[in-house]
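**Student:** Kindly generate the corresponding structure for this input.
(3 chains)
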Amino acid sequence: MERIRVSTGSRQCLEDITAQVSDAVRRSGVEDGVCHLFVSHTTAGLVINENADPAVARDLLEKLEALAPSDARYHHTEGNAHAHIKSSLVGQSAVAPVAGGRLALGRWQAVFFAEFDGPREREVAVTVVSAGRAEAPAEVLSRERQANP
Amino acid sequence: MERIRVSTGSRQCLEDITAQVSDAVRRSGVEDGVCHLFVSHTTAGLVINENADPAVARDLLEKLEALAPSDARYHHTEGNAHAHIKSSLVGQSAVAPVAGGRLALGRWQAVFFAEFDGPREREVAVTVVSAGRAEAPAEVLSRERQANP
Amino acid sequence: MERIRVSTGSRQCLEDITAQVSDAVRRSGVEDGVCHLFVSHTTAGLVINENADPAVARDLLEKLEALAPSDARYHHTEGNAHAHIKSSLVGQSAVAPVAGGRLALGRWQAVFFAEFDGPREREVAVTVVSAGRAEAPAEVLSRERQANP
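**Tutor:** Take a look at the predicted model:
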């Protein structure tokens, strides 16, 4: 597992972390598999969406604010109840395929760190897992022994 | 990684892709692990829910439309801003267990491709990963050597 | 894959299952990787959020009830249409990293089983996967043979 550091710039924002995630995938040495991202915070999340037009991120943040307004009344009285809710609506984890040693996002996709209670120093855990059916060592040894008894 | 092709039939719909996903899991040869599904589009998503009564899918689509109406005003002016938002609300990935070589869904569960800006030709990436602690080859060899010095 | 049993106490509630998930991770023997949780029900979900203040869970449940009221009219007439929708909004799966043989949640994070149509006996599938690039057994054997021809 590797940790990516993210400095978020405002109270609520989507920070594009695609480049950092791509670098971590390359460093993992995994050729084919999946890249797991996990935010160990409860007032932030992860979103995969379009970054070509920044208006897409803006629309998403405004919609989340409409669904869970930051100035509404909540039982949790630390002022960030809305952020806990938004975190659960978008999720604290994201998974994307790894193919040919690279993060295999779609043409228009980017990975965003979703900050709902910033600005803060945040972290994202990156774990890359290999795909497929690992041939069990025992099978290989058995075949070896038959070939070279 | 394998790619499943989905032709969606209307602007917004849930297409049941369970059979195609199950076939891909069988072809992977993985006995126990997890099946990762990923949509590399930004105006579509993946949903696991009931397919016995088609009204469940209809209720979900209508609720998403109520939360992010397709005819509301957004900053993103391509007419599909609502679809980007819905995509982030349901998510572009899904994960289900694989047990005994098969996709281990619950009795009432089906995998749906969630189209929010169709009809289109879409793709879903399927990556199947083996579970558990791979016994390190070195441990096996060490045991082998002790047994057959 | 291991199955955790959860007895939910009321119609809609968040049950903290962190201890049971942590135990399953330890039993898996995986040192570094990811822990996959999957709910094979269509009227329940999984949430990772704060458990220090129970008001956070209460706020989330109330917000979901506001977004998809249990007493509204739906096409699905079994009385649990709202639960199917909530299940898709929070998701039926969750993934968290495993590091040093332990579930690597953040300081304030807990794993909650989200019941939307209880009380019931429920199950959560836990599958733990090892991270990284598995060294192919063939490579190990080849090195072995060079060292001990």
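
**Student:** ok now stretch A:86-94, how far from the chain's centre?
**Tutor:** Averaging C-alpha positions (C-alpha atoms, centre = their mean, to the nearest Å) puts stretch A:86-94 10 Å from its chain's average.

**Student:** can you check stretch A:119-135 too?
**Tutor:** On the basis of C-alpha atoms, centre = their mean, stretch A:119-135 sits 8 Å off its chain's mean C-alpha point.

**Student:** do the same with stretch A:67-84
**Tutor:** Here the centre of stretch A:67-84 is set off from its chain's centre by 24 Å, with C-alpha atoms, centre = their mean.

**Student:** And for stretch A:98-114?
**Tutor:** On C-alpha atoms, centre = their mean, the centre of stretch A:98-114 falls 10 Å from that of its chain.

**Student:** just stretch A:28-48 next, same as before
**Tutor:** The chain centroid and the centroid of stretch A:28-48 are separated by 3 Å under C-alpha atoms, centre = their mean.

**Student:** ends of that stretch, how far apart?
**Tutor:** End-to-end distance of stretch A:28-48 (C-alpha to C-alpha, to the nearest Å): 21 Å.

**Student:** And that stretch, what's buried?
**Tutor:** Of the residues in stretch A:28-48, those buried by neighbour count under the rule 16 or more other C-beta atoms under 10 Å in any protein chain shown are A:28, A:30, A:32-48. Placement of C-beta: from N, CA and C, glycine included.

**Student:** contacts with chain C among those, please.
**Tutor:** Residues of the buried residues of stretch A:28-48 in contact with chain C (C-beta under 8 Å from any C-beta of the partner chain): A:28, A:30, A:36, A:38-42.

**Student:** what helix or strand is the residue lying closest to A:Ala72 once chain neighbours are set aside on?
**Tutor:** Distances taken as C-beta to C-beta, 6 or more residues apart in numbering or on different chains place A:His82 nearest to A:Ala72, at 6.9 Å, with adjacent residues excluded. With the criterion set as DSSP states H and E, the secondary-structure element containing A:His82 is helix A:81-90.

**Student:** counting contacts, what elements does that helix pack onto?
**Tutor:** Contact here means 3 or more C-beta pairs under 8 Å, 6 or more residues apart in numbering or on different chains; DSSP states H and E; on that basis helix A:81-90 packs against strand A:44-50, helix A:55-67, strand A:109-115, helix B:81-90, strand C:44-50, helix C:55-67, helix C:81-90.

**Student:** Please tabulate these in TSV, including the columns distance to B:Asp53.
**Tutor:** As requested, the helices and strands packed on helix A:81-90 are exported to TSV (distance: least, C-beta to C-beta, whole Å):
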stretch	distance to B:Asp53
strand A:44-50	30
helix A:55-67	27
strand A:109-115	33
helix B:81-90	19
strand C:44-50	17
helix C:55-67	21
helix C:81-90	9
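
**Student:** Which one of these lies nearest to C:Arg107?
**Tutor:** Smallest distance to C:Arg107 across those (C-beta to C-beta): 9.7 Å, for strand C:44-50.

**Student:** residue in chain A nearest to chain B?
**Tutor:** A:Gly106 (2.9 Å; C-beta to the nearest C-beta).

**Student:** List the residues that contact the closest residue to that residue other than its chain neighbours.
**Tutor:** Using C-beta to C-beta, 6+ apart and skipping the chain neighbours, the partner closest in space to A:Gly106 is B:Ser40 (2.9 Å). Listed by C-beta atoms under 8 Å, 6 or more residues apart in numbering or on different chains, the contact set of B:Ser40 reads A:104-107, A:109, B:92, B:123, B:125.

**Student:** can you check A:Thr18 too?
**Tutor:** A:Thr18 makes contacts with A:51, A:103, A:105, A:110-111, as judged by C-beta under 8 Å, 6+ apart.

**Student:** and A:Thr77, what are its phi and psi?
**Tutor:** Geometry field for A:Thr77 lists phi and psi as phi -110, psi 30, criterion degrees, to the nearest 10.

**Student:** surely it meets C:Val56?
**Tutor:** No: no contact is recorded between A:Thr77 and C:Val56 when judged using C-beta atoms under 8 Å, the distance being 10.7 Å.

**Student:** In terms of neighbours, single out the busier of the two.
**Tutor:** C:Val56 (30 against 10; other C-beta atoms under 10 Å in any protein chain shown).

**Student:** So which residues on chain A come close to chain C?
**Tutor:** Remark: the part of chain A in contact with chain C comprises A:1, A:28-31, A:36, A:38-42, A:67-68, A:74-78, A:81, A:84-85, A:87-89, A:91-93, A:95, A:125, A:127-130, A:134-137, A:140-141, A:144, using C-beta under 8 Å from any C-beta.

**Student:** Now the buried members of the residues you listed.
**Tutor:** Listed as buried from the residues of chain A next to chain C are A:1, A:28, A:30, A:36, A:38-42, A:67-68, A:74, A:76, A:81, A:84-85, A:87-89, A:91-93, A:95, A:125, A:127-130, A:134, A:137, A:140-141, A:144; burial here means 16+ other C-beta under 10 Å.

**Student:** where does chain A have low pLDDT?
**Tutor:** Using pLDDT under 70 as the threshold, the predicted model of chain A has low-confidence ranges A:133-149.

**Student:** biggest strand in it by residues?
**Tutor:** When chain A is parsed with DSSP state E, its longest strand is strand A:121-130.

**Student:** Is that one in proximity to chain B?
**Tutor:** Yes: applying C-beta under 8 Å from any C-beta, one finds strand A:121-130 touching chain B at A:129-130.
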